[in-house]
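Visitor: Output the structure for:
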Amino acid sequence: MAGGGRVSCALRLLLLLLLGSGRCLAKVEEGAMSSRDNWRFLARFCFAAGTEGRIQVTARYPAAKCGNTCQKLVFYYDDADQWRRVYGRRDQLTCSEKLDPEYMHWTQIINLDPRKPWETNLPMSEWGQQSNAFQECEYTDEYETHIRCHVGRVFSLDRPRWFYMVMSNCDPTAASSGVTLDHYSLTMTNGDDWQRHFSHDETWILETDCVMVVLFVLLLLTACLNQGKLREKNVLHPTYRLFMTALVLKLVGLVVETAAYLSYQQGRETLGVKNAGLLVHIIADVVFVTLVLLIGKGYTVTRGYISTLGKLKLSIFVTAYSGMHFVAFIWYFMLFDPAEVLYYYESIPGYCTMVLRGLALVMLTYSVAFCVKKYKEKIRFYALFYVFYALWLILLPASALIAAFVMEDWYREKLINAVEQTVGLAAYANLLYLFTPGPAKRHFPFTQPTNALSPGDGGGPDTDGDYPHEMTEHEDGGGGTAENFTDIFKVSGTKVFQRPATEREQGTGSEHGGDDVSMVGAAAAAAEVPSPSLMAVEPRAVISVSEVAPPVHMVRSGRSLQQPEGLFEPRPLPPPVLPDFSASTTPRWMAHSHNLNRAALPPINPNKQSRE
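Guide: Numbers count the residues shown, from 1 in each chain. Okay, the predicted model is just below:
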């Protein structure tokens, strides 16, 4: 029961992360606010240059919040003397100092006071070339218990700019301190097209994701067709199945993320959908990194299984990498400050994830160097594999550093998304290319059938599951083993070598024209039995392989295959014992060596020549 309770708790935590978090990035926001702080962040949005930006705010709050002044809606923009100065020192500055007119234009402060509507009905000329403003504040009932305000701003900017919206109540004479909004609605748009609800840093993300979805679907279909080819050749190894798993997860995460951005057309982002898409992306990344390390160690390429120590090292790394990825995911949605524009990996667990990715590069380098040193015939495959995936492992830490210290905030998210999706597509496509068999692809890694080697089939702690060298090259890009030229001269222990016939044995028509060997050939030809060269015969008629010099060494001289002289001089043998044909017509070698039925064999004429 305790175990079930822990699982249930973990599932609830995951559901909480997926369905909602503290971050609200929708471009049409509605809700309520009640805080004891007299200065409270509300939302942020990046407006594009050269387009007509619009902000519309509707707020309702208790009239008791009004003293000498009422609550104010304040707009900050992303200059060093504005938002960065105020938010970086928010704990040291007082409420009035945060609204210091030395740093802010008075039109950035909107007084939500029905008694003084004229204070903010002026153009916001400091923010752009063309501006317009409107404001309406009134009491909602005759008892003047609540105030409702409708505020709008229309402007055009010279450059992309982040706007930060804050509610403040700095009047000490108000009935109670803090900021209170019974209900508010905030709408921010860029222009009038279908992308108007997208912040400038998120434009073109939806188009990029839609193109990537189509390309990944085509890649998945190609991978399914290639899976059928590998199954036919009996080389559908676990590494390819792991590749298919990572590819499917990547596509699912991309589809979910695209669905989340499609909701922007109505101005509302489904946070649960976007969280789920990012989580699936993380799982796909962990699976793919594990696959790259397995191939780097030679699994299914040069060995049939990983040693115990290798499994332990890989398990520790994968556990640490996946755990740190998940902690970074929680940190991003639960602990990131929405008032700051931060990249996903700009956190302690995010930086740790980057360090582990660099460690994966070190592990891959060592593994590939070891495999290439031991199996030089695999250098074609590992050259293409290592160069590409070493760059792929470096890209994520490099992009995180560039995003944090080089890129402007309003370009960061869309550029990083385009780079990561493009490089991810290239990584999957390159591995699919390497895994595709073909006659012209000498770098095809799978040269062994699926069940070629397992821990119980010749592998051991010393061999570490390595494949034999003569079995690791195959020209046609399919399963099986390559034919080694020296294999045609190998003789198994059950085969025998027949000595050359003498002149006496070559005679024909005589009563005793040959020894047992000649009779063996005649009997085999008449009875249509296997050739005597493959059958065990008496040692007087044949010479065992162990009794002669090493097997024939055929030397290719360019004209023909020549046999060295003097190699097959037989040892002296005792005179052969001639068979007695008076008692039976069946040769003694056949009756005694194979226990054949004499009556079942036809009569043999010893004077008849054997067939070739």
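
Visitor: how far away is the closest residue to Arg161 other than its chain neighbours from Tyr103?
Guide: Spatial nearest neighbour of Arg161, chain neighbours left out: Tyr77 (5.2 Å); criterion: CB to CB, 6 or more residues apart in numbering. All C-beta atoms are positioned from the backbone trio N, CA, C, and that covers glycine. According to CB to CB, to the nearest Å, Tyr77 stands 11 Å off from Tyr103.

Visitor: list the contacts for the residue nearest to Arg161?
Guide: Trp83, Trp127, Arg161, Trp162, Phe163, Tyr164 (CB atoms under 8 Å, 6 or more residues apart in numbering).

Visitor: can you check Leu361 too?
Guide: The neighbours of Leu361, taking CB under 8 Å, 6+ apart as the test, are Ala390, Leu393, Ile394.

Visitor: in a strand, that's where the second one is, yeah?
Guide: Spelled out, it's Leu393. No: according to DSSP: H, G, I helix; E, B strand; the rest coil, Leu393 belongs to no strand; its state is helix.

Visitor: how far away is the nearest residue to it once chain neighbours are set aside from Leu293?
Guide: Counting by CB to CB, 6+ apart, Leu361 is the residue found nearest to Leu393 once chain neighbours are left out, at 4.5 Å. Between Leu361 and Leu293 the distance, using CB to CB, works out to 10 Å.

Visitor: same thing with Gly438?
Guide: 26 Å.

Visitor: one step back: what's the residue nearest to Arg161 sitting at in phi/psi?
Guide: When read as degrees, to the nearest 10, the backbone of Tyr77 gives phi -120, psi 170.

Visitor: same check, this time on the one 10 residues further on
Guide: Its backbone dihedrals place Tyr87 at phi -70, psi -30, with angles given as degrees, to the nearest 10.

Visitor: what does the one 4 residues further on give?
Guide: Dihedral angles phi and psi of Asp91 (degrees, to the nearest 10) take the values phi -80, psi -20.

Visitor: counting contacts, what elements does the one helix or strand Arg231 maps to pack onto?
Guide: Per DSSP states H and E: Arg231 is located in helix 205-232. Judged by 3 or more CB pairs under 8 Å, 6 or more residues apart in numbering; DSSP states H and E, helix 205-232 is in contact with helix 238-262, helix 409-434.

Visitor: Of all those helices, which one is nearest Gly298?
Guide: Of all those, helix 238-262 sits nearest to Gly298, with 10.4 Å by CB to CB.

Visitor: Could you tell me which residues within that closest one count as buried?
Guide: Neighbour counts over helix 238-262 (16 or more other CB atoms under 10 Å) mark 239-240, 242-244, 246-258, 260-261 as buried.

Visitor: Cys210 - nearest residue in space that isn't next to it in sequence?
Guide: Thr258 (6.1 Å).

Visitor: swap in Val341?
Guide: Among residues not flanking Val341 along the chain, Asp409 sits closest, at 4.4 Å (CB to CB, 6+ apart).

Visitor: Got phi/psi on the residue lying closest to Gly31 once chain neighbours are set aside?
Guide: Nearest residue to Gly31, sequence neighbours excluded (CB to CB, 6+ apart): Tyr184, at 6.5 Å. Note on Tyr184: backbone dihedrals following degrees, to the nearest 10 are phi -150, psi 150.
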